[in-house]
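In: Pasted the sequence and its predicted model underneath.
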Amino acid sequence: MFPRRAASLTDIGDRAGWGTASLGGSCRRHDEQPTLSALRQPGSAQPYRVRGAFMRWFWLVILVTGCAQGVLPGPEMGVGEGGLPLPPVDGSAPISFDASVARDRGTPPAQDMFIPPSRDMNAPQMADQGAGLPGECQNADWTLNVNGQMRAVRFEVPANPRQNAPRVLLFHGNGDNPGNFCATTNLCRFLRDRGALVAVPAGRTRMIQVGDEQAELAWDAYNVEATNEDVSLVSAVINEANQRCGAGPVYIWGHSQGAYFGFLAAMINDVQGAVIGSASDPMTGFPWAPIRPFAIAILIGTLDFNIEGARSTAQRLMAAGHPVQLREIEGAEHGGYLTGHDAELADFIGLR
């Protein structure tokens with residue numbers, strides 16, 4: 001909801017075409033009778049217009065000045081764009097999410113990927129995938145059946161992938177897609193150049209329960225149950241990468257709403273490190289119990305609406321024994337991907 005400017009008496013009179021020459025003076029009591037000269041426009045000689053003119057001016061004065069024991073209501077407070085509750089800015093609220101879908105997208109849009117059919121991925125956790133399948137560790141677009149939903153994944157590999165190569169799961173923001181995210185951030189190529197396998201699942205925008213509210217989001221960062229298809233999607237992507245390319249260390253890298261979910265994914269999977277961009281812990285106070293401490297880098301602008309949430313998250317993570325780097329970009333707001341810091345972030349979480 002955007003703020004509204006209070007209309008002046010002149011504004012309203014001009015827009016209605018009534019003029020304002022005779023509107024000076026104080027408010028009248030309801031039972032007072034105005035004089036004929038106060039109601040007529042200058043030069044008017046039609047008595048039958050007095051009543052209509054009086055009623056227009058009477059209600060205009062009541063509405064604009066608030067003389068009838070009340071004032072016009074102002075804009076709703078505490079509501080963001082699209083009617084969503086405003087995200088927390090002090091780290092005290094239990095839930096964090098993006099207020100705007102449009103601001104998560106990079107520019108310009110790129111054509112989305114082609115998604116061929118693939119086998120059902122509702123498979124049990126595989127303990128050891130060895131060296132992978134010959135000829136299967138290559139660039140591909142997957143479609144994985146996760147909890148009955150067909151989920152798209154962009155998969156990119158280095159020119160000569162090594163055994164036990166790290167694999168990075170990238171999570172884009174609301175309203176974006178894997179092809180556009182890779183094209184506008186150059187992050188996929190950057191990670192491939194460091195020898196990493198890169199998996200970029202596509203978010204599925206739908207209504208998600210966020211505390212007591214429902215919000216239309218691409219990633220569910222607020223439910224850890226197995227019924228959360230995004231949680232199951234992470235396991236399916238790791239399994240598929242392991243089966244095609246062999247096992248290796250897992251890293252998480254997310255932006256905006258994708259980073260809120262990336263935080264959750266990092267906490268419930270066996271990962272080596274995570275980058276949380278323009279986000280924080282999505283559920284402040286939730287008793288996270290990660291498999292082991294891992295390095296976490298948080299990147300956020302000083303003008304981001306959730307800067308205090310990110311600072312609070314960093315403090316809690318350090319207290320829990322995680323190596324943490326909080327990088328605050330001076331003057332940056334919440335919106336597009338914050339470029340120019342990928343090398344330092346990758347070094348910190350061990351992607352060398």
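Out: Structure received. Numbering: from 1, shown residues only.

In: Against A319, how distant is the closest residue to G277 other than its chain neighbours?
Out: Of all residues beyond its chain neighbours, the one nearest G277 is H255 (4.3 Å), with distances taken as Cβ to Cβ, 6 or more residues apart in numbering. Just so you know, the C-beta spots here come from the backbone N, C-alpha and C atoms, and that holds for glycine as well. When Cβ to Cβ, to the nearest Å is the yardstick, H255 and A319 sit 25 Å from each other.

In: Who has more neighbours out of those two?
Out: Neighbours per residue, other Cβ atoms under 10 Å: of H255 and A319, the larger number sits with H255, 28 against 9.

In: Need phi/psi at that one.
Out: As for H255, its main-chain torsions (degrees, to the nearest 10) stand at phi -130, psi 130.

In: again, but for L303
Out: With angles defined as degrees, to the nearest 10, L303 shows backbone torsions of phi -100, psi 10.

In: wait, it sits on G335?
Out: No: the pair L303 / G335 is not scored as a contact, 9.8 Å apart, by Cβ atoms under 8 Å.

In: Give me the more crowded residue out of those two.
Out: For the pair L303 and G335, the greater number of neighbours falls to G335 (18 against 13), based on other Cβ under 10 Å.

In: Could you report the pLDDT at that one?
Out: Confidence per residue is given as pLDDT, and for G335 that number is 89.

In: do the one 4 residues further on as well
Out: At T339 the predicted local distance difference test score is 95.

In: Give me the number of neighbouring residues for it.
Out: Other residues near T339 come to 11 when the count uses other Cβ under 10 Å.

In: buried residues in stretch 260-276?
Out: Burial within stretch 260-276, assessed by neighbour count using 16 or more other Cβ atoms under 10 Å, is assigned to 260-269, 271-276.

In: Ok, stretch 330-340 next?
Out: A332, H334, G335, G336, Y337, L338.

In: Surely the last one touches I329?
Out: What that stands for is L338. Yes: contact criterion Cβ under 8 Å: L338 and I329 qualify, at 5.6 Å.

In: Report the set of residues contacting both of the two.
Out: Counting by Cβ atoms under 8 Å, 6 or more residues apart in numbering, the shared contacts of L338 and I329 are L299, I300, G301.

In: Can I get those in JSON lines including distance to G135?
Out: Below are the shared contacts of L338 and I329 laid out as JSON lines (distance: Cβ to Cβ, whole Å):
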{"residue": "L299", "distance to G135": "37"}
{"residue": "I300", "distance to G135": "41"}
{"residue": "G301", "distance to G135": "44"}
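
In: Write a PyMOL command that selects only the buried members of those residues.
Out: Once 16+ other Cβ under 10 Å is used to decide burial, the buried members of the shared contacts of L338 and I329 can be selected in PyMOL as follows:
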select buried, resi 299+300+301
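
In: Switch the shared contacts of L338 and I329 over to TSV; also include secondary structure, pLDDT and distance to S280.
Out: Formatted as TSV, the shared contacts of L338 and I329 follow (DSSP: H, G, I helix; E, B strand; the rest coil; pLDDT from 0 to 100; distance: Cβ to Cβ, whole Å):
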residue	secondary structure	pLDDT	distance to S280
L299	strand	98	11
I300	strand	98	8
G301	strand	97	13
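
In: check contacts around the residue nearest to G277.
Out: D104, F171, H172, G173, F181, T185, G277, S278, A279, Y337.

In: Which of the residues you listed sits closest to R311?
Out: Nearest to R311 out of the contacts of H255 is A279 (Cβ to Cβ; 12.5 Å).

In: Next, count neighbours for the closest one.
Out: Using other Cβ under 10 Å, A279 has 32 other residues around it.

In: tell me which of the buried residues of stretch 330-340 is nearest to N147?
Out: The nearest member of these to N147, counting by Cβ to Cβ, is Y337 at 28.7 Å.

In: if I look at that closest one, how far off is G301?
Out: When distance is defined by Cβ to Cβ, Y337 is 11 Å away from G301.

In: Kindly report the same for A343.
Out: 19 Å.

In: so which helix or strand takes in I298?
Out: If you go by DSSP states H and E, I298 is part of strand 295-301.
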